[in-house]
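Novice: okay, predicted coordinates and the sequence, questions at the end:
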Amino acid sequence: MNTVAAIAILVALFAGPILLAPIERNLEPYFLAVGIIAVSAARAWSIGLIIEALRAPILVTIAVVVAGVIFARFRPRLDDALLVLRGRIARPILTAMTVFILAIFSSVITGIVAAIVLAEAVGLLRLGPPSRNNVVIAGCFAIGLGSALTPAGEPLSALAASILHLSFFDLLRWFGPWIIPTIFVLSLLAGYFARGDYDLIAEEAAVRETIDDALLQGARIFIFVAGLVLVGRAFEPQAEQWLLPLGRSGLFWANTISAALDNATLVALEARAIGVDGLPWAIASLLIAGGILIPGNIPNIVCAGKLGIRSLEWARLGIPLGLVMLGIAFAILRLS
């Protein structure tokens, strides 16, 4: 693929979801279409690539569907349990516990389902709009980190594991020691935002997720990951040419673009070029920056859409919180 075609496709890939609302609402088929165009332009079609594009999404798709069906079936019991706990546990503590549990288990139930449960929980916790928004943002940062601990958690981890041929527990072994403490701190922060008594006059926004919704979400995730596999393979030569000269530090800060673009897209472009050694730098910046703005990560999109959180409201906390986390992560990586 020549440079002009590569740049044009990348502009369409990055700018399309930001500038055009119909594309933002149909992100998955759009990415698949762009992936097909990119592979065709690069003349990179092969049986092996088709098999990889069909195989890579399987684990995360199964996880989304199974967890979604279970949640749809047992949601009333979850609601009842939270109502009982609400009568026994102070709101800050229950909020912190909820965020921590969802973030840790998002690596199994997927970040999408964890985000749906979080949206349901903030209504049952009776959080008013200011507290609710801050709790959701801190919670989505935590879920975005936790869902990367296994290939079943989200498209980013599924792609990284597939491209680099990692085992199921490699991501947990490598990133768990710093992701889990960060989730704990973010959970405490969410509890701080929820300080005070339960606001019994706050609107109790319930999320009604059905089995059909789970199946549809699974299909969309399959298409999304398959499209990203195609994009990554098509741009493999350009990624090596453009990204490797940046070095680890340069790549770390360049990846803050994932604040405005789902971070799985950049993993698809970078994973082969940086290899296993550069993975901690790329993953750390992508995971953190993905929580800064709504388009950066799927859990953000899910919660903002279901709870009506606007982009500016998200950015007020997402930007400063994300920058602080990026600075700390960069310092740790440089010293390690």
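Specialist: Perfect, I can see it now. Residues are numbered from 1 along each chain as shown.
Novice: so where is the stretch 201-336 of the chain shaky, pLDDT-wise?
Specialist: Applying pLDDT under 70 to the stretch 201-336 of the chain picks out residues 201-209, 239-240, 243-244, 258-265, 268-269, 271-276, 295.
Novice: my error: substitute the stretch 1-150 of the chain in the last question.
Specialist: In the stretch 1-150 of the chain, residues with pLDDT under 70: 18, 24.
Novice: tell me where it has helices.
Specialist: 3-19, 21-25, 27-42, 47-55, 58-86, 91-109, 111-124, 129-146 (DSSP state H, counting those that start in this stretch).
Novice: mind checking which of these is nearest residue 315?
Specialist: helix 129-146 (9.5 Å; Cβ to Cβ). Every residue, glycine included, has its C-beta placed from N, CA and C.
Novice: which other helices and strands contact the closest one?
Specialist: helix 91-109, helix 111-124, helix 170-193, helix 263-289, helix 298-307, helix 311-335 (3 or more Cβ pairs under 8 Å, 6 or more residues apart in numbering; DSSP states H and E).
Novice: tell me how far residue 62 lies from residue 71.
Specialist: 15 Å (Cβ to Cβ, to the nearest Å).
Novice: and these two? Which one has more around it.
Specialist: Neighbours per residue, other Cβ atoms under 10 Å: of residue 62 and residue 71, the larger number sits with residue 71, 22 against 15.
Novice: okay, the helices and strands packed on helix 129-146, which one's buried deepest?
Specialist: Comparing these by mean neighbour count (mean count of other Cβ atoms under 10 Å), helix 111-124 ranks first with a mean of 26.
Novice: got the angle between that helix and helix 91-109?
Specialist: 160 degrees (axes from the mean of the first three to the mean of the last three Cα atoms, to 10 degrees).
Novice: thinking again about what came up before, out of the helices and strands packed on helix 129-146, which gets nearest to residue 36?
Specialist: Nearest of the helices and strands packed on helix 129-146 (Cβ to Cβ): helix 263-289, 14.0 Å.
Novice: for the helices of the stretch 1-150 of the chain, give me CSV that also has distance to residue 299.
Specialist: Shown next, in CSV, are these (distance: least, Cβ to Cβ, whole Å):
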stretch, distance to residue 299
helix 3-19, 16
helix 21-25, 16
helix 27-42, 14
helix 47-55, 24
helix 58-86, 12
helix 91-109, 8
helix 111-124, 4
helix 129-146, 5
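Novice: those helices: which one's closest to residue 283?
Specialist: Short answer: helix 129-146, nearest of the helices of the stretch 1-150 of the chain by Cβ to Cβ, at 9.9 Å.
Novice: in a markdown table: the helices and strands packed on helix 129-146, plus distance to residue 158.
Specialist: A markdown table is the format used below for the helices and strands packed on helix 129-146 (distance: least, Cβ to Cβ, whole Å):
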| stretch | distance to residue 158 |
| --- | --- |
| helix 91-109 | 11 |
| helix 111-124 | 11 |
| helix 170-193 | 10 |
| helix 263-289 | 8 |
| helix 298-307 | 12 |
| helix 311-335 | 22 |
